[in-house]
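**Q** can you look at this prediction? I've put the sequence above it.
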Amino acid sequence: MARKVCISLILAVFCCGPWIHAEEAPSTDVLEEIKLFSKALGAIEKAYVDDVKAREMLYQAIGGMLDALDSFSEFIDPQRYELLQIHLRGEYAGIGAILKVVGDYPAIRAVQPGSAAQEAGLQAGDLILEIDEESLKGKELTDVASLLRGEENESVLLKIWREKEGEMLDVTVLRKKVQIESVSKVEMMTRVIGYIQISNFQENTDEQVDRALEELLKKGMKGLVIDLRGNDGGLLPQAVELSNRFLQKGKKIVTVKSKIEEQRNEYISTGEKTIPEIKLVILVDEKTASASEIFSAAMQAHERAIIVGAQTYGKGSVQSLIPLDEESGMKLTTARYLTPKGTSIDGVGITPDYEVGGVGDEKKNVEGNGDLGIEKALVLLTDL
């Protein structure tokens, strides 16, 4: 019987394009192997000394298969599956508060400006005792966060203990869309040198970068530092979009090799959204991976940017997120990518034009104080 498999090509590291629908009929050999698995599962259910849940056993079996393939293919359980989808979309509907644990209960550590939590009058330090009359005593923060998320414009009732005023409050919060910022810092380091820090590549990263570029160009930016240190990747299409901002039309960005026809592609810059020519320095480190490496490799190959920092992670494969049911999925390596020069960086990484020690996990100070990567970037852009 034919089985429809929906593949969401998400992350170049997890994704490479849109949803793909493929009709596949299992081969006779595969059907025979499934019979063997079914027989083993049936024996476990019937004879194992303790009770087992068939779904949990299946999850474990799928995880085992994927673990045997490579270090990047993996099973995504229901809790992680929901969080991964949020991460890739870059937004969710919730109250917009950062949580911490105080004693047995979650508390609000910070309220995001303009959020539903702020509009409802919630404050840092508020202890959340109940959500929709469900006690939160002893609950993990991931479970609390899941209860706070929901449909946009849907209300949620919180029972709050406000210590500083010594009162119990019932607060109704109307959930709003919360955007996860992938552009985590935007500043002018000098009168003419701008700085953009990108923490990951998600669905709206290009829009966030466009706003940052517009802001910096209005302030007179003639040189730019893009900080990708610690950026472990994200959506491949977003790395392509970022490359389009800095390359003229007709430049090869990346080539994707795959068995899946829809995934095979050679991405060429369109020239449609290229910003005015400015000098560019990209900061990288050993944690810079995947989509970040795709962008950096394209800029280096076309001599569009100077790469500063440490040898990057070296992740040249593409994982597709494949839904297994409404609650779980798996990441499966379905493609590999090549740089504009036709080389693979898998297990090798990108060698910076200028190797600078002390990048790694050091605290980033955009004024250059104690940050060797920033200091080198400023030196390279001093003639502006």
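**A** Nice, I can see it.
**Q** quick one, strands of the stretch 101-250 of the chain?
**A** With strands called from DSSP state E, counting those that start in this stretch, the stretch 101-250 of the chain shows them at 105-111, 127-131, 134-135, 155-162, 167-174, 176-179, 183-188, 193-198, 223-227.
**Q** what comes into contact with the first one?
**A** What it means is strand 105-111. With Cβ atoms under 8 Å, 6 or more residues apart in numbering as the test, strand 105-111 has contacts from 96-101, 117-118, 122-129, 136-137, 139, 141, 144. No exception for glycine: its C-beta is placed from N, CA and C like everyone else's.
**Q** pLDDT of stretch 81-100, averaged?
**A** The average pLDDT for stretch 81-100 rounds to 80.
**Q** now do the same end-to-end measure for it.
**A** 22 Å (Cα to Cα, to the nearest Å).
**Q** ok, now stretch 86-93?
**A** With Cα to Cα as the measure, stretch 86-93 spans 10 Å from end to end.
**Q** stretch 305-324 too?
**A** Stretch 305-324: ends 41 Å apart by Cα to Cα.
**Q** ok, now stretch 129-146?
**A** 15 Å.
**Q** pLDDT of it, averaged?
**A** Stretch 129-146 comes out at a mean pLDDT of 91.
**Q** contacts for it, please.
**A** 79, 82-83, 94, 99-101, 104-106, 128, 147-148, 156-161, 168.
**Q** 7 Å - rerun?
**A** When contacts are defined by Cβ atoms under 7 Å, 6 or more residues apart in numbering, stretch 129-146 is touched by residues 79, 82, 99, 101, 104-106, 128, 147-148, 156-159, 161.
**Q** mind checking how far L127 is from K100?
**A** Here the distance between L127 and K100 works out to 10 Å (Cβ to Cβ, to the nearest Å).
**Q** in terms of neighbours, single out the busier of those two.
**A** L127 (18 against 12; other Cβ atoms under 10 Å).
**Q** give me the buried entries from the contacts of strand 105-111.
**A** Taking 16 or more other Cβ atoms under 10 Å as the criterion, what is buried in these is 96-97, 99, 117-118, 122, 126-129, 136, 139, 144.
**Q** and those residues, which two are the farthest apart?
**A** Q118 and K139 (23.5 Å; Cβ to Cβ).
**Q** the longest strand in this protein is where?
**A** Identified as the longest strand of the chain according to DSSP state E is strand 329-338.
**Q** counting neighbours, which bits of that one end up buried?
**A** Neighbour count says strand 329-338 has G329, M330, K331, L332, T333, T334, A335, Y337, L338 buried, by 16+ other Cβ under 10 Å.
**Q** the fourth one touches Q319, doesn't it?
**A** Read that as L332. Yes - applying Cβ atoms under 7 Å, one finds L332 in contact with Q319, separated by 6.4 Å.
**Q** joint contacts of these two?
**A** Residues touching both L332 and Q319 by Cβ under 7 Å, 6+ apart: S73.
**Q** restricting to C-alpha, output stretch 272-281 in CSV.
**A** In CSV, the C-alpha atoms belonging to stretch 272-281 read as follows (Å, rounded to 0.1, in the frame of the first residue of the first chain):
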residue,chain,number,x,y,z
GLU,A,272,17.2,41.9,-6.8
LYS,A,273,17.9,42.9,-3.3
THR,A,274,21.6,43.7,-3.4
ILE,A,275,22.5,46.6,-1.1
PRO,A,276,25.0,49.4,-2.1
GLU,A,277,28.6,48.1,-2.1
ILE,A,278,30.1,48.3,1.4
LYS,A,279,33.2,46.6,2.9
LEU,A,280,32.3,43.5,4.8
VAL,A,281,33.9,41.5,7.5
